[in-house]
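>>> How does the following fold in three dimensions:
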Amino acid sequence: MGDGDHEEEEFDILTKTGLKTGFSKPRSAVHRDGDYHRAVHVWIFAESTQQLLLQKRADCKDSWPGLWDISSAGHVSAGDTSLITARRELQEELGVTLPNDAFELLFVFLQECVTNGGKFIDNEFDDVYLVTTLDPIPLEAFTLQESEVSAVKYISVEEYKHLLANGDPQYAPYDVDGPYGQLFDIITKRYQKNTEAQSLLLQQKLARYAPISLTAELTGLTEEDKEVLALLIQAAKIMDDIFYKQTPLLTDSFPEATKQVAGWKGVEYKAAFPILKPPGASFYPPDMDKMEFELWMKGLSEKEKQDATGFFNVIRRHNDTHSSSTSDLRIVPYSQEYSPYLAKAAELLHKAGDLTSSPSLKRLLHSKADAFLSNDYYDSDIAWMELDSKLDVTIGPYETYEDVLFGYKATFEAFIGVRDDKATSQLKLFGDQLQVLEQNLPMDDMYKSTDVIYARIRVIQLVYNSGDVKGPQTVAFNLPNDERIVKDRGSSMVMLKNVSEPKFKLILQPIDESCIIKEQRDLVDFDYFFTHTICHECCHGIGPHTITLPCDQSSTVRLELQELHSALEEAKADLVGLWALNFLIAKNYFQRALRSPCMFLSLLDAFAHNGQALQFNWLFEKGAFVLLPDQTFSVDFDKIEDAVESLSREILTIQAKGDKDAAQKLLEKYGQMTQPLTIALEKLTKVQVPVDIAPDFPIVSNLLHKK
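Residues are numbered from 1 along each chain as shown. The predicted model follows:
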């Protein structure tokens, strides 16, 4: 616990309220004079056995020698931080090396005591940390610091609390009825809940997802194609591994945390920085906030700024064993951060590229494999846009929704499918009209682009997906998101027809029957829904992307709106998609009878995706959506067109100006769970309309088994 250092360390002297005075003193002088200082207590708790790890203090210690005590503890040296000390003490005393997010700060405890006949005055603020492992770390995995620790053991939380309460002389004393009792209260409340109730709740949540087996027609594939497909699925499975590294929820693993023990795979711990998933996922240091990042950015070159805010780099600290400062951050490319996974995925893609006889698929697979290792995705994204193959592959880092802190960093995902040639040929009309739609967008002409490029549309039957797809199942996507490519080459869209069909049947149709006025229930069918989805995705490709700020500086909507970008971009695609469809109907590209069904779909969409509160509340306020006395809803077709256009104009203008303040105000005002929306969602809960589908892919096991 840091008491036996050869060179006497110095401590920061604190006030009685725990603030630094600006002075430091040697350790012996601090304890002689009773100065207030800071220390850390680190408790290791094994969740599966409900046990705490205790260490036996070495007999040479000058306080509580030979007694069982905290898993690890130590003083905070002058200039150090509490977290760094916690990590260091755990490593020095027990040989356990864990990252920052393993340490959960529970509370601060002020300890004031006098021991050794008045010679040792201990007035310290103790930062109490909890490290929660899923299972106990084997005792033989610890490396004990002999000058500090003579033994370690596990003990149940209840037994340890009982021993302390009775003042057992073998244990360093803590008042479990005083402030330190919080440790036991927190553990008890957190881990000894009613497991039956938890299980029931989980079952109820899972029941809201409709299981569905997704099949695809493979009869048109050659044996070569099927071999390639099997390799692509194996590569796609690796995207799951990377995605779970990028977006940790509650657990992570650290095989190198201790010395190796035969038959034990290493420490699995509950990430605790914070307990829930951090807003920056794992793209940034868990103890980094926006202010630190933005201060650090000011000292970077323009190239470094681009990398720091780019899609394909994480932010780390130079040395996690030293205290943080505004110059402590560094940029690490994905190719380095996820190297073992990407190397294996690249190997599989190269093998598939060597096998295929399709020139465009061969180019895509080899260039994507190279991108995984070089971290330069430009050429591979161009190759993806130009793909003309029966096998359709989307694999790599794309979406930025998980980076809630800034919206900068892309997560890995994969969609492996078989192209539906007939459906693909029918959709060329939409892509051909993008420039016309751009020039007629409901926003000031000064913000319109003159060089929108044709959006290539591919319809596929999904065979397998992975990575950033394990929540809501997308029915289509428009990529790439790289503004350089969108500006130079446009974008492409992929429609997942065999995902769209069950979602329409299992979600939208029951919503229609539950929440919609009877006279409007038969307005839509699957073809209308599919057309509406196409418009949504196409409209990601128009409107502001690369913009010019009032200071005449070039930027992008993503960089300016940061964490608000995704929400506004999705709202834009919804609303401008409706506007675009109405525009094309007016120009006689579609039958006028399509107008009402697609406007009506905006209401169903709002109920199917409660994240679309912005659109619903705006249109409700404008009278386009109407709540009836029987608590069903209808669409006022005389008002919805103007309401859609007005919100489209609002969003497009905010994007064009890069006006984050305006975006924040719009979302705060209209992104609320209002009473009408609550009424609808409560009805859907009662009739148990699924929130989404939960697909499985029977084709995959057959393909991999044969391989």
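
>>> contacts, neighbours, all on C-alpha from now
Fine.

>>> Could you tell me whether residue 464 really is in a strand?
Yes: secondary structure of residue 464 (DSSP: H, G, I helix; E, B strand; the rest coil): part of a strand.

>>> which residues does it contact?
Residues counted as contacts of residue 464 (C-alpha atoms under 8 Å, 6 or more residues apart in numbering) are 233, 414, 415, 416, 417, 697, 700.

>>> got any ranges where this protein has weak pLDDT?
1-6, 192-207, 248-253, 271-277, 319-327, 454, 470-471, 606-611, 706-707 (pLDDT under 70).

>>> what's the longest strand in it?
Ordering each strand of the chain by length in residues (DSSP state E) puts strand 120-133 first.

>>> What are the contacting residues of that strand?
18, 31-47, 82, 86, 102-115, 267-270.

>>> Stretch 300-320 now?
Contact partners of stretch 300-320, identified using C-alpha under 8 Å, 6+ apart, comprise 84, 99-100, 283-285, 297, 324, 328-334, 337, 375, 397-398, 400, 408-410, 559.

>>> Just the element for the residue nearest to the spatial centre of the chain, please.
What sits nearest the mean C-alpha location of the chain, by C-alpha atoms, centre = their mean, is residue 402, with 3.1 Å. Residue 402 belongs to no helix or strand when assigned by DSSP states H and E.

>>> Start the count at 470 instead of 1 going forward.
Sounds good: first residue 470 from here, last item residue 871.

>>> Can you report how many residues neighbour the nearest residue to it once chain neighbours are set aside?
Residue nearest to residue 871 in three dimensions, not counting chain neighbours: residue 750, with 6.5 Å by C-alpha to C-alpha, 6 or more residues apart in numbering. Counted by other C-alpha atoms under 10 Å, the residues lying close to residue 750 total 21.

>>> What is the helix ranked longest in the chain packed up against?
Among the segments of the chain that qualify as a helix by DSSP state H, the longest is helix 692-715. Applying 3 or more C-alpha pairs under 8 Å, 6 or more residues apart in numbering; DSSP states H and E, we find helix 692-715 packed against helix 808-824, strand 860-866, strand 881-888, strand 925-936, helix 1167-1175.

>>> Now which of the contacts of strand 589-602 would you call buried?
Taking 16 or more other C-alpha atoms under 10 Å as the criterion, what is buried in the contacts of strand 589-602 is 500, 503-516, 551, 555, 571-574, 577-580, 736-739.

>>> So which of these are in helices?
Reading helices off the buried ones among the contacts of strand 589-602 with DSSP H, I get 500, 551, 555.

>>> Let's have these in CSV, adding distance to residue 537.
CSV is the format used below for these (distance: C-alpha to C-alpha, whole Å):
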residue, distance to residue 537
500, 22
551, 23
555, 19
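
>>> Nearest to residue 911 among those residues?
Residue 911 lies nearest to residue 551 out of those, by C-alpha to C-alpha, at 54.2 Å.

>>> Leaving aside the residues adjacent along the chain, what's closest to residue 529?
Nearest to residue 529 is residue 616, by C-alpha to C-alpha, 6+ apart, at 7.4 Å.

>>> if I look at residue 1153, how far off is residue 1051?
Between residue 1153 and residue 1051 the distance is 29 Å, computed by C-alpha to C-alpha, to the nearest Å.

>>> my read is residue 1038 is in a strand, agree?
No: counting by three-state DSSP, one finds residue 1038 to be helix, located in no strand.

>>> give the contact list for it.
Neighbouring residues of residue 1038 by C-alpha under 8 Å, 6+ apart: residue 1009.

>>> for residue 972, same thing?
1161, 1162.

>>> where's it, which helix or strand?
helix 966-972.

>>> got it, and residue 530?
Counting by DSSP H and E, residue 530 is part of no helix or strand.

>>> now swap in residue 851 and tell me
Per DSSP H and E, residue 851 falls inside helix 847-854.

>>> what does that helix rub up against?
829, 832-833, 836-837, 840, 862-863, 925, 949, 954, 958, 960-961.

>>> And the residues you listed, which two are furthest apart?
Greatest spacing in these, by C-alpha to C-alpha: 840 and 925 (22.4 Å).

>>> Look up how far residue 1007 lies from residue 898.
Distance, residue 898 to residue 1007, using C-alpha to C-alpha: 11 Å.

>>> Give me the more crowded residue out of those two.
For residue 898 versus residue 1007, the count of surrounding residues by other C-alpha under 10 Å is larger for residue 1007: 26 against 13.
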